Each structure stands twice: as structure tokens, then as C-alpha cells.
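> Here is my input, please return the structure:
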Amino acid sequence: MRKVIVFSLLVVPPLLLLFWDSPPKEVLVRLRLPELLLSFGFGGSLAAAGGVFQGVLKNPLAEPYTLGSAAGAALGASVASVSGFPVEWGALSGGLGAVLLILFAFKLFSDPLSVLLFGVGLTAFFSALILFLYALFPVYTLQEALLFTLGYITPVSLTLALTLFLLSLLFTVFLLKRSKSLDLLSLGDETAFFSGVDPQKERLFLLVLSSVPVSLFVAYCGVVGFVGIVVPHAVRFLGFRRGTLLIPVSFAVGGGALTFSQWVARTVLYPTVLPAGVVTAILGVPLFLYILWRYTGVRG
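Numbers count the residues shown, from 1 in each chain. Just a heads-up that it's a prediction; the model follows:
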């Protein structure tokens, strides 16, 4: 049954996004296919990164969105855009800078809740700076800034979309090769250390490795929330708990989830196109609240 669910998410959302409304061939190739590659690669990267963040930080509510690394990438891309620098480098600088701040908070605070609150504060601060930055430059509108912070996936060239998608696959393969370290860190630093893994270095490496593709997608698609937190938990619920299964299945399910959200964003108020992040929030917030309730002991 679980394999059927994963396979359905791999196949059905891409078909919906590609072929709804029977588009002509030119629209299919120049618009729908790049949009599919962006949506699937971004969603897969977010979900894989969420699984890594939750494991290495031992925090069930951790992901790039809640801890501020996605917002940091968005701020870096915005600064690079108004400064005339490549947005990719700006997004990478902002995203990886936020990762260093998260690691600092992880060392500074002793409990996962404090780290989570630190990340929420980072996200709010970075989002406010983005709006302030766009307000300073009349060439950009506040509406554009708002759409960027909500995750507005617009088609880019097929070459760029394919490059980003292949990079997301490549970094997922790299993460898969370090899945043993992820499993050990999720059991605790002492277990990892006595198994031959340096917890500090491996945690930094895994967080950076998972944040690179997310930052690159954020540069073009903005900030999308809740995929990175909900999907890994759903994958674990299906029984894919070890890193060798959690990472690739999270990528597949996350890609399908964001692709489906993008299809909903395009069709529910057609011809108006909603930001994909709005759809993921509407669908993801109830699941997020359930996860929060589950891990704060309310059931007992």
C-alpha cells in the first residue's frame, strides 16, 4: 500500500500539472515542463532537507522554513538582485549564513523549543528586511516582495529548470551517501562519536549539503513552507524511517506534494495564479498543528 501511495505521488501530480486543459505543444514544452521541473525539484529538496534538519538537530519541527534558512536565502537573493549580483550566489550566501546561525543557536540553547523559536524569529526578521529592501527600490513593488516571500513559482527557461532539477537530484544522492551519519546523529552525539563520526563536523556538513539546493530554488521561486516539515513525518509514518529510505522517499513525496500544490494554485482560481506557498500553508498547517500536538505530549 505504501509503495502505491509513493508511486501515485510520483506520477499523478506531474501529469496533472503538465496536461490539464490540454495545452498546445509549445506551451507544454516552454511553460509547463519548466514549471514541473521547478516544482518537483524544489519540493523534493525541501522534504529531503527537512528530514536532515529534523535528524541532525533532533527536533521534530525543524526544517528550512521554520528555522530561517529559506528566508535567509530569500534575503540574500533579494540583496543580490537589487545590487546587480547573481541571485544564485546571494541566495547561497544568505541560506548558508542562516545555517551557521542555526548551529550557533543549537549550541547555545539546550532544548529544541528554544532553537525553534530562534528560527521563527530569524524568519520574521529576514522577511521584514526583504519587504524593507523592496520598499527602498521603486523598480520592485511590495507586491513582488510579498509574492516572493509566499513562494510564487513562475516558469523559467527549460535549460535553467533542468539544471536546478538535476542539481537537486545530485545533492540528494550526496545526502543518501551520508545517510548512516544522519541515522547516528539522530540517536545522539555520543552514539555518533563512538561509532566513528565527528558530530560537530558531520552536522555542519549535512546541513550545508541539504541547504544548497533549497537556497538555489529559493532564488527563483521564493519561500515555500510546510513541505519540509510535513512530508518527512508522513514518510516516517509510512514506515520509511532509516536514512537510506527516508531521504529518497521524502524527495519523491515532497516533489509530488509541491507539484500538486502548484497545480491547485494554477487551477482553483483560474486564470488567477496563486502563490504555491499559500496552498502548501492551507494544506500543511493542520498537519503541522497535529505534529506539534503529538510531540508536546498533549495526548498524555
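> So residue 197, which state does it fall into?
coil (DSSP: H, G, I helix; E, B strand; the rest coil).
> Now do the same contact list for it.
181, 184, 185 (Cβ atoms under 8 Å, 6 or more residues apart in numbering). All C-beta atoms are positioned from the backbone trio N, CA, C, and that covers glycine.
> Can you add secondary structure and neighbour count and give those residues back as CSV?
Output for those, formatted as CSV (DSSP: H, G, I helix; E, B strand; the rest coil; neighbours: other Cβ atoms under 10 Å):
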residue, secondary structure, neighbour count
181, helix, 24
184, helix, 22
185, helix, 25
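> Can you give me the neighbour number for residue 134?
Neighbour count for residue 134, taken as other Cβ atoms under 10 Å: 22.
> An error on my part: the question was meant for residue 83.
Residues near residue 83, counting by other Cβ under 10 Å, number 10.
> For burial, what's the neighbour tally of the nearest residue to it once chain neighbours are set aside?
Nearest non-adjacent residue to residue 83, counting by Cβ to Cβ, 6 or more residues apart in numbering: residue 90, 7.8 Å away. By the criterion of other Cβ under 10 Å, residue 90 has 23 neighbours.
> wait, residue 90 sits on residue 72?
No - using Cβ atoms under 8 Å, residue 90 is not in contact with residue 72; the gap is 10.4 Å.
> Quick check, central residue of the chain?
Residue closest to the mean C-alpha point of the chain, counted by Cα atoms, centre = their mean, is residue 46 at 2.4 Å.
> And what about residue 23, helix, strand or coil?
For residue 23, the assignment made with three-state DSSP gives coil.
> Next up, the contacts around the closest residue to it other than its chain neighbours.
Distances taken as Cβ to Cβ, 6+ apart put residue 32 closest to residue 23, at 6.0 Å, once the chain neighbours are dropped. Applying Cβ under 8 Å, 6+ apart to residue 32 gives the contacts 17, 18, 19, 23, 155.
> ok, back up a step: any idea how far the residue nearest to the centre of the chain lies from residue 61?
Distance of residue 46 to residue 61, computed by Cβ to Cβ, to the nearest Å: 15 Å.
> Need the contacts of residue 32 in TSV (columns: secondary structure, distance to residue 216 and neighbour count).
Output for these, formatted as TSV (DSSP: H, G, I helix; E, B strand; the rest coil; distance: Cβ to Cβ, whole Å; neighbours: other Cβ atoms under 10 Å):
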residue	secondary structure	distance to residue 216	neighbour count
17	helix	21	22
18	helix	23	15
19	helix	27	11
23	coil	27	14
155	coil	16	18
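> Out of those, which comes closest to residue 126?
Closest approach between the contacts of residue 32 and residue 126, by Cβ to Cβ: residue 155, at 26.0 Å.
> Surely that closest one touches residue 28?
No - with contact defined as Cβ under 8 Å, residue 155 does not count as touching residue 28 (11.3 Å).
> sorry, back to before: of all the contacts of residue 197, which comes closest to residue 123?
Closest to residue 123, out of all of those and judged by Cβ to Cβ, is residue 185, at 23.7 Å.
> How about residues contacting stretch 64-71?
Contacts for stretch 64-71 (Cβ under 8 Å, 6+ apart): 46, 49-50, 53, 57, 95, 98-99, 101-102, 115-116, 118-123, 126-127, 130, 149, 210-211, 214-215, 218, 223-229.
> tell me the secondary structure for residue 124?
Criterion first, three-state DSSP; result for residue 124: helix.
> how close does the residue lying closest to residue 221 once chain neighbours are set aside sit to residue 186?
Leaving out its chain neighbours, the residue that sits closest to residue 221 by Cβ to Cβ, 6+ apart is residue 153, at 4.8 Å. Applying Cβ to Cβ, the value for residue 153 to residue 186 is 31 Å.
> More neighbours: which of those two?
residue 153 (26 against 20).
> Contact partners for the more buried one?
Residue 153 is in contact with 35, 38, 39, 42, 221, 222, 262, 265, 275, 276, counting by Cβ under 8 Å, 6+ apart.
> Just the pLDDT for it.
In this prediction, residue 153 carries a pLDDT score of 88.
> for it, helix, strand, or coil?
Of the three states, residue 153 takes coil under three-state DSSP.
> Now it. Its backbone dihedrals?
According to degrees, to the nearest 10, the main-chain angles of residue 153 amount to phi -90, psi 110.
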